[in-house]
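Engineer: Quick check, what structure comes out for this input:
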Amino acid sequence: MSRISRRTLLELTPTIATLVVSEAGIVIDASAQQPQPDAPLRVTKEQLKDALEILGLEFTEAQRDMMLPGVNNALAGYETLRKIDVPLDTEPAFHFRPALPGKEPKPRPSRFLPTRATKLASFKDIEDLAFLPVTSVAPLVRARKVSSNDLTKMYLGRLKKYGPKLLCVVTLTEELALEQAAQADKEIRAGKYRGPLHGIPYGAKDLFATKGIKTTWGAEPFQEQVPAYTCTAIDRLEKAGAVLLAKLSMGALAQGDRWFRGMTRNPWNLEQGSSGSSAGSASATAAGLVGFSIGTETLGSIVSPSTRCGVTGLRPTYGRISRYGAMGLSWTMDKIGPICRSVEDCALVLNAMYGPDGRDVTTIDSPFDWNPTVPLASLKIGYLKAEFERPGQQPQQAEARKKIYDDALDALRKAGAKLEATELPQTQAGPLRIILSAEAAAAFDDITRDGRVNQLSGQARGDWPNSFRTSRLIPAVEYIRAMRARTLLQQQMDMFMRNWDVLVTPTGSATLQITNLTGHPQVATPCGFIDKAPQSILFTGRIYEEGMPLRVALAYEQATDWHTMHPKTDWT
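Structural biologist: Residues are numbered from 1 along each chain as shown. All right, here's what the predicted structure looks like:
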């Protein structure tokens, strides 16, 4: 970021004096803030009154007269501030912590116990492996029954064949993938096995910076953007031996499933979008075009497309994985997580990526514990009975919905879960969405003011361009009040989750918005179909305790076969 010059600092001083109230009780000379007598007011009395009415505020005429000089001086300060070059990857000088004071876990070694394969999967053709989870393919790679090179070529072929139909690929990283696969095979032959992701091909949402490879953010203004460095998430997967096949599509600037080439398709129904914004990650994983994928979530962007495409998605605790080098949309809400074909795959990918990197201040040294054999009967598991019993958005589907979720809860009980009905505390999460709106508008303020935002294909009322403009009218005071109310929400959820190791909820749960604000982890896994459309069941855990919701999700997965179902890719 550019240094603030002495001249710029002097120009900003009146604005700072106007806006800051000193705790020391220093009296600011009001006469120094007055504009020159003959200088025309850029903000008039009438404009000030109208602006206050828009914000729902009413002051006396005398109070407005007193405000007017400061408002005009502040406007000049804003213009000076806008001249400072602030790169897009610059974070604000504040951060959010999901754990309340005194409750952050202490550093210690993680306890990670993956399932050991007792029998290698059989296959006649390499294509037979396209839809298998990592837990089935990794033992084959380690035993050298299949090479990373062969897997990589198989998936590249599928990406080329089906990617255009699904519109899920932005950039194939074929040359890099073949190099990484060759290196993996060489290391494995030499007995240098890095772990279960070694040699496994994957795809990444196209907001993760990759050195020398286009990272477009799905948006027209950034189609030719090529980073000079690689983000932490990709770097750690490379260190685990994973093979990067492609940068996968995302809704423009992380909204929905529409990007500059069109709408990413749901492989179960090509007439439908794959949801977003991790649209390509979910679509490609469901269609067997990658071994696994990674995406991001701010307010549903992993859970929603995972549900739509019938795959398993994990949104970890906020700050669990470093966001360094990932496009910032909402600095206090963005999270990185895996989208896979099984629950344990999600655990394996999280295990490779989590932990501090010295670059993201929100990422702490907290252990990730995973034990797939923990008895369900030993866990306190609650379920939101009222949410499971509501008919859903389509009343005509009420009976099908009820059966799906009755069966899901029965499967959990048969697996050993002792489910207890509960209900969420009364919360006020809805108004807190202005946090996302304000931060997103700040992140893309430059392209809003210079007009580049007009290049985005989505220009409707609900699209980012209108949201960025509208959010310009969110006062800083209201944003800060929302952040304070967010602390109250954290306290409420902390008290509530003390009673539960895991909370079970259906698709469309109120917990999606709440936990994205509080930072709690959530797992979505397939649980059936309504009118041929995949449905999910959600498992929420305590802060930094992803292992518990993953464990209950695994028990559900092992008791059913929904995760083994995949769409037919012989579309006509």
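Engineer: Surely residue 548 and residue 541 touch.
Structural biologist: Yes. The criterion here is Cβ atoms under 8 Å, and residue 548 meets it with residue 541 at 4.6 Å. Yep, even glycine has a C-beta here, placed from its N, CA and C like the rest.
Engineer: Stretch 389-400: which residues count as buried?
Structural biologist: 392, 397, 400 (16 or more other Cβ atoms under 10 Å).
Engineer: So for it, first residue to last residue, what's the gap.
Structural biologist: Distance across stretch 389-400, first residue to last, is 12 Å (Cα to Cα, to the nearest Å).
Engineer: Do a quick rundown of the strands in the stretch 101-250 of the chain.
Structural biologist: In order along the chain, the stretch 101-250 of the chain carries the following strands (DSSP state E, counting those that start in this stretch): 169-172, 201-205, 243-248.
Engineer: so which of those gets nearest residue 313?
Structural biologist: strand 201-205 (11.9 Å; Cβ to Cβ).
Engineer: rounded to a whole number, what's the mean pLDDT of that closest one?
Structural biologist: The predicted model assigns strand 201-205 a mean pLDDT of 98.
Engineer: Pull out the buried positions in stretch 186-204.
Structural biologist: Neighbour-count burial for stretch 186-204, with 16+ other Cβ under 10 Å as criterion, is recorded at 187, 188, 195, 196, 197, 198, 199, 200, 201, 202, 203, 204.
Engineer: ok, now stretch 356-371?
Structural biologist: In terms of neighbour count (16+ other Cβ under 10 Å), stretch 356-371 has its buried residues at 356, 357, 360, 362, 363, 364, 366, 367, 368, 369, 370.
Engineer: Of these, which is the nearest to residue 413?
Structural biologist: Using Cβ to Cβ, the buried residues of stretch 356-371 come closest to residue 413 at residue 370, 23.5 Å.
Engineer: Got the phi and psi for the closest one?
Structural biologist: Here is the backbone geometry of residue 370 (degrees, to the nearest 10): phi -140, psi 120.
Engineer: Contacts only, for residue 261.
Structural biologist: With contacts defined as Cβ atoms under 8 Å, 6 or more residues apart in numbering, the neighbours of residue 261 are 167, 170, 249.
Engineer: what about stretch 224-242, distance to the chain center?
Structural biologist: For stretch 224-242, the separation from the chain centroid amounts to 17 Å (computed by Cα atoms, centre = their mean, to the nearest Å).
Engineer: again with stretch 286-305
Structural biologist: Per Cα atoms, centre = their mean, the displacement of stretch 286-305 from the mean C-alpha position of its chain is 9 Å.
Engineer: And stretch 61-77, by the same measure?
Structural biologist: A distance of 40 Å separates the centroid of the chain from that of stretch 61-77, by Cα atoms, centre = their mean.
Engineer: swap in stretch 55-68?
Structural biologist: Going by Cα atoms, centre = their mean, where stretch 55-68 is centred and where its chain is centred differ by 41 Å.
Engineer: As PDB, could you dump the C-alpha coordinates of it?
Structural biologist: Coordinates of each C-alpha in stretch 55-68 appear next as PDB, following Å, rounded to 0.1, in the frame of the first residue of the first chain:
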ATOM      1  CA  LEU A  55     -31.100   6.900   7.400                       C
ATOM      2  CA  GLY A  56     -34.100   7.300   9.600                       C
ATOM      3  CA  LEU A  57     -32.600  10.000  11.800                       C
ATOM      4  CA  GLU A  58     -34.200  13.300  12.900                       C
ATOM      5  CA  PHE A  59     -32.200  16.200  14.300                       C
ATOM      6  CA  THR A  60     -33.300  19.800  15.000                       C
ATOM      7  CA  GLU A  61     -32.500  22.600  12.500                       C
ATOM      8  CA  ALA A  62     -29.900  24.000  14.900                       C
ATOM      9  CA  GLN A  63     -28.200  20.600  15.200                       C
ATOM     10  CA  ARG A  64     -28.100  20.200  11.400                       C
ATOM     11  CA  ASP A  65     -26.600  23.700  11.000                       C
ATOM     12  CA  MET A  66     -23.900  22.700  13.500                       C
ATOM     13  CA  MET A  67     -23.200  19.500  11.600                       C
ATOM     14  CA  LEU A  68     -23.000  21.100   8.200                       C
END
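Engineer: Does residue 149 touch residue 179 like I think?
Structural biologist: No. Shown here, residue 149 and residue 179 do not form a contact pair, counting by Cβ under 8 Å, at 10.3 Å.
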